[in-house]
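[1] Here is my input; please provide its structure:
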Amino acid sequence: MQIVRALVALVVTLMPLGALAQSISEEWRTLHTEHFRVHFPIAYEPWAREVASKLESIRTTVNSEIGYAPEGVTEVVVADPIAQANGSAWPILGAPRMVFWASPPSPAGALGHESDWGELLAIHEWTHVAHLVRPSRSRFAGARWLFAPVALGPITRAPRWISEGYATVLEGKLTGQGRPFSDYRAVILRTWAQRGRLPSYEQLDKDSANWMGMSMAYLVGSAYLEWLVEREGDESLPKLWARLTARQSRTFDEAFQGVYGETPKRLYQRFAAELIHRSMVVEAAVAASQRPGDLWMDVSWTTGEPDLNLDGSRLVTIVRAKRKPARLVIYSTDRDAKAEAAYSKRVERILARDPEDVAPVRNKPLPRTPEAEHVLRPGEVVGNARWIGSTGDVLFVRFTPDRDGFLHPDIYRWSPASAAPPTRLTDGADLRDVRPAADGSYALAIRNRYGMSEVVRIDLQDGSVTPIEGPSLHEQFVEPAPHPTLPVFAIVMRKGGTWRLVVRGITSAPNQAELAFDGIVAQPSWSRDGKALFATVARNGFVEISRFDYDVSSGALVERGQVTRGSGASLAAVASNDALWFLALDPDGLDLRKLPIAETEQPLPSIATPPDAAPAVRRSFDGTTTEIRRGELGESVPYGFGRQEVSLLFGGSLAPSGEVVEVGARVGDVLGRLETLAFASAGYDGGVEGASISIKSKKYPIEIGSRLFIYDERPTDQRDGDLSRSRDNERFGIETWISKGRRWSGGGVNGSVALYAAKIEAVPTAAVSQLGSSVATRIEHAPVVYGGNLLPMALALSGNSGSTDGDRWTRFRGGLSLGFSSRGRGVAVTLDAGSVSDDASWTDQFEIGGARLSLHPEAATSNRVDVPALPAGILRGNSFDSVRVDLRMGGVMPTLFAQRVGANVDSGDDEIQLAGLEWTLQLDSMPLVRIPALELRAGVARVLDHGLLDDETSVWMTMRWKP
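    As a prediction, the model looks like this:
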């Protein structure tokens, strides 16, 4: 079961990897070091070269710390598919990979405590590789991976908090920065502990039900490992890794208990108790000087940075809820008298009916009703909602896919007074952190592109973009804030390894003021008169709003001090004439609070951090950072078709159409520019026997492929073979295709053209030759959002023409899928129908039933209607129609379905009705981990209405690899 769980976890984790294969038709290049091959689009070369120059030094340093040095060369792919800071490591035995995403993190978060994003990322990901790729010392360990496309080491079976927590520990230990020394980690741990909301041991590994739950493996996991090391010594972790890879097979709990004397759950409970105690000590130390502000809106999940219009009467933000689409919302800042009156009347009625009842305690404001809102598509990434001067319109950033599927942040304009959808101002501009000027004529924004950072000015009339500063590889710019009356702006920048708050002119280069910080500064925002600047400042484990006085004459900027102090973090302040509005950290999400502006004139006194309170406060770095040296690099070389690697594949089917075992291989590169698939099959009870080999290239903007196939079909040998209208036959042929796809927000289109030729020998008829062509397209429409629910739609059309032994025929087929889903559950209706020329031979008619296999060609068998619950060829005719209704229960749960399929057969019309349960998984090609596109289907169904098949129950499992 351990191997099954590991494979399931790998498949789920790999599902986003399809994006890594996008834009591979661009010019890619490779840098070589002794132990790494670094692949990147040519525009990323400066960033990739900077990181690659440090990889050998990072490898040596991390290996020494872990006590293991992996052999061989690791493939590294540099990309930026979703324009967000991240990376990944794939500890495949004998072929490890790493992926680096070049976009840097914002300082307003736990990842922001770094001086070099590429270096920190490389340390974290190489730690994963060196830690997890260590093989078992058991001579029989490799047998468990014999039938898997990739092999993993025994440490990968440890809980997720172990791998992510350990990589986080080392990122801090080797740099003195990262999450272990971040104020954000301290404030999150402290806040969760004070509220009694620390994750349980089971939740520590994976918790998607709670806000930030999936981050706890990094934040709490690293703190727990630090606590274990303090308790048992630095050598305890290498001992744990040694026990996990021993010849003696052990569970993680057994290996852990052999080092620490107790189970990981029991020691975690002790760690949590100590963390709660330290957090309560900190709470007592700051109790006398708290200034949390008043709770204005209690929000669950993630709330975007708020912004106020010029007169402070309306607030705009982005509200995200669990399992619901995000919403761009506008609230009135006035007291909601109508809601208060309705609440009071409701309480009065309750007490009037029962005078002995007790009115509820009010410790939170009533929920607010938005004045206006725009519901976004599910999964859509948006941010930075800002008012445009006095226009009443709102600017925001939306991450929109280009034609290859890469996400780019662009600027949109929303007019709440209009029913029209938001309009796009920029296209593929890679802009974020947008801040309009007070007069609404322009906005400032940050462009992060190719690993470099730049400040730009956007004309809000025509969307033109003008650079102000940058692009820079070694300096990062964040959140420019135009002054309300002067031609200057405040901005946060990382320079020389430290975060700085800077004020400078829009047209003049020299900085008027520049303040450096030991920790993090973020989210600057001006007061309405421009004489004060508010910013989020992180110090000593506290993240609060600080005030800076600005002299409009001299340009001097002086920090007055902290103006908020709550139980959690205070973030993203925005000032009106009478109040300071800000976000407040809570275990359920980010709440909205407000503070009288007059109180910001009186900064809070500094507080002494209680001794030995870490990790409830920021941990002090008392070690020595390891110097990461740059190595010499040669010139980059063209990627070409890359290095070709071989992986074994197994597939097949168990279905009414027969049992098939497929054995095959994939030969390809890490980007998927060239991929060869070869399969051979053995069949039983009517299963297909044969072989195929396909090759496809994505080096160019279109996909080009070809496949040779030869196989033997024996439908009469099926368990219900006497009912099949198909004929036993042998096929030999070739098909060639070209295809092209394009993506857009929430949808896309894919088209293909194919030619094929085949020789078909059937019993008892003579052999025939078949020539054909196929044109197919599939369009996925962006789901319509209605009341927070989704209405997806997809359309598939195909046309074939050809000749069989000189007799010409044409064939058309179309499918339409409509759905309704809410919170991952819903219903889908799929309609499928087709017709072929009246005089078409049996080889060209529609054939219903059976399961498609890896060796089946696509275009040359486009007349087949796959229904794995039925025997192959149970129906055959010149036309067919099918209706299927799926009830989807969400997540990885199977689907309940009912289907009716009919065909015009020789004796008239015939149809079959069936219902059942089916589990389906579709994965795109994942060349990074040597896996082609995959389709898995498993189910059980009962035939409800069809003569000889009435009340027959069928079971099927199919595993099909696709080019």
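
[2] so who does the closest residue to Ala767 other than its chain neighbours touch?
    Counting by C-beta to C-beta, 6 or more residues apart in numbering, the nearest residue to Ala767 once its immediate chain neighbours are dropped is Glu761, at 4.2 Å. C-betas here are computed from N, CA, C, even on glycine. Contacts for Glu761 (C-beta atoms under 8 Å, 6 or more residues apart in numbering) come out as Asn729, Glu730, Arg731, Ala767.

[3] out of those, which one sits closest to Thr507?
    Distance ranking of the contacts of Glu761 against Thr507, using C-beta to C-beta, places Arg731 first at 72.0 Å.

[4] who does the helix or strand hosting the closest one touch, helix- and strand-wise?
    Applying DSSP states H and E as the criterion places Arg731 in strand 729-744. Using 3 or more C-beta pairs under 8 Å, 6 or more residues apart in numbering; DSSP states H and E as the contact criterion, the elements in contact with strand 729-744 are strand 394-401, strand 703-713, strand 747-762, strand 768-786.

[5] got the residue ranges for the strands in the stretch 551-700 of the chain?
    557-562, 570-575, 579-586, 589-596, 637-638, 645-655, 658-668, 674-684, 689-697 (DSSP state E, counting those that start in this stretch).

[6] Where does pLDDT dip in the protein?
    1-22, 141-147, 509, 721-722, 764, 787-788, 906-908, 946-948, 950 (pLDDT under 70).

[7] Give me the number of neighbouring residues for Asp529.
    12 (other C-beta atoms under 10 Å).

[8] In this structure it contacts His483, no?
    No. At 10.4 Å, Asp529 and His483 do not qualify as touching, with contact defined as C-beta atoms under 8 Å.

[9] just to revisit the earlier point, put together JSON lines for the helices and strands packed on strand 729-744, with distance to Ser508 on each row.
    What follows is those, written out as JSON lines (distance: least, C-beta to C-beta, whole Å):
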{"stretch": "strand 394-401", "distance to Ser508": "25"}
{"stretch": "strand 703-713", "distance to Ser508": "51"}
{"stretch": "strand 747-762", "distance to Ser508": "45"}
{"stretch": "strand 768-786", "distance to Ser508": "44"}
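
[10] Is the residue nearest to Ala767 bridged to anything, and to what?
    Glu730 (DSSP bridges).

[11] Would you mind measuring from it to Asp844?
    16 Å (C-beta to C-beta, to the nearest Å).

[12] again, but for Ile411
    53 Å.

[13] Give me the more crowded residue out of these two.
    More crowded of Ile411 and Asp844, by other C-beta under 10 Å: Ile411, with 27 against 24.

[14] So what touches the host helix or strand of that one?
    Following DSSP H and E, one finds Ile411 within strand 407-414. Strand 407-414 is contacted from outside by 81-83, 328, 374, 381, 383, 388, 393-402, 422-432, 434, 443, 445, 458, 460, 463, using C-beta under 8 Å, 6+ apart.

[15] Which members of these are positioned in strands?
    Counting by DSSP state E, the part of those found in strands is 328, 374, 383, 394-401, 423-424, 431-432, 434, 443, 445, 458.

[16] Just the buried ones among the residues you listed, please.
    Those of these that meet the buried threshold are 328, 374, 383, 394-401, 431-432, 434, 443, 445, 458, by 16 or more other C-beta atoms under 10 Å.

[17] now for the strands of the stretch 551-700 of the chain, which one comes closest to Glu952?
    Using C-beta to C-beta, the strands of the stretch 551-700 of the chain put strand 645-655 closest to Glu952, at 13.2 Å.

[18] how distant is the closest one from the center of its chain?
    What separates the centre of strand 645-655 from the centre of its chain is 27 Å, taken as C-alpha atoms, centre = their mean, to the nearest Å.

[19] Please spell out which residues along that strand are buried.
    In strand 645-655, counting by 16+ other C-beta under 10 Å, buried: Ser647, Leu649, Phe650, Gly651, Gly652, Ser653, Leu654, Ala655.

[20] Columns distance to Ser415 on top of those, output as CSV?
    Shown next, in CSV, are those (distance: C-beta to C-beta, whole Å):
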residue, distance to Ser415
Ser647, 53
Leu649, 53
Phe650, 56
Gly651, 53
Gly652, 57
Ser653, 55
Leu654, 57
Ala655, 55
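
[21] Among those residues, which one lies nearest to Val667?
    Val667 lies nearest to Ser647 out of the buried residues of strand 645-655, by C-beta to C-beta, at 8.2 Å.

[22] Without its sequence neighbours, what residue ends up closest to that closest one?
    Counting by C-beta to C-beta, 6+ apart, Ser647 lies nearest to Arg930, which is 3.9 Å off, once chain neighbours are set aside.

[23] need the contact list for the one you found.
    Arg930 neighbours (C-beta under 8 Å, 6+ apart): Ile92, Ala95, Pro149, Val150, Glu645, Ser647, Arg666, Gly668.

[24] Weed out the non-buried ones from those residues.
    The neighbour count (16+ other C-beta under 10 Å) marks Ile92, Ala95, Pro149, Val150, Ser647, Arg666, Gly668 as buried among the contacts of Arg930.

[25] all helices of the stretch 1-150 of the chain, in order?
    With DSSP state H, counting those that start in this stretch as the criterion, the stretch 1-150 of the chain has helices at 2-14, 45-66, 117-132.

[26] Tabulate the ones you listed in CSV, adding columns for distance to Ala754.
    Below are those laid out as CSV (distance: least, C-beta to C-beta, whole Å):
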stretch, distance to Ala754
helix 2-14, 28
helix 45-66, 37
helix 117-132, 40
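
[27] how about those helices, which one is nearest Gly939?
    Closest to Gly939 of the helices of the stretch 1-150 of the chain, according to C-beta to C-beta: helix 2-14, at 18.0 Å.

[28] Got phi/psi on Met280?
    phi -70, psi -30 (degrees, to the nearest 10).

[29] and what of Asp430?
    When read as degrees, to the nearest 10, the backbone of Asp430 gives phi 60, psi 50.

[30] Surely it touches Arg449?
    Yes. Using C-beta under 8 Å, Asp430 is in contact with Arg449, at 4.4 Å.
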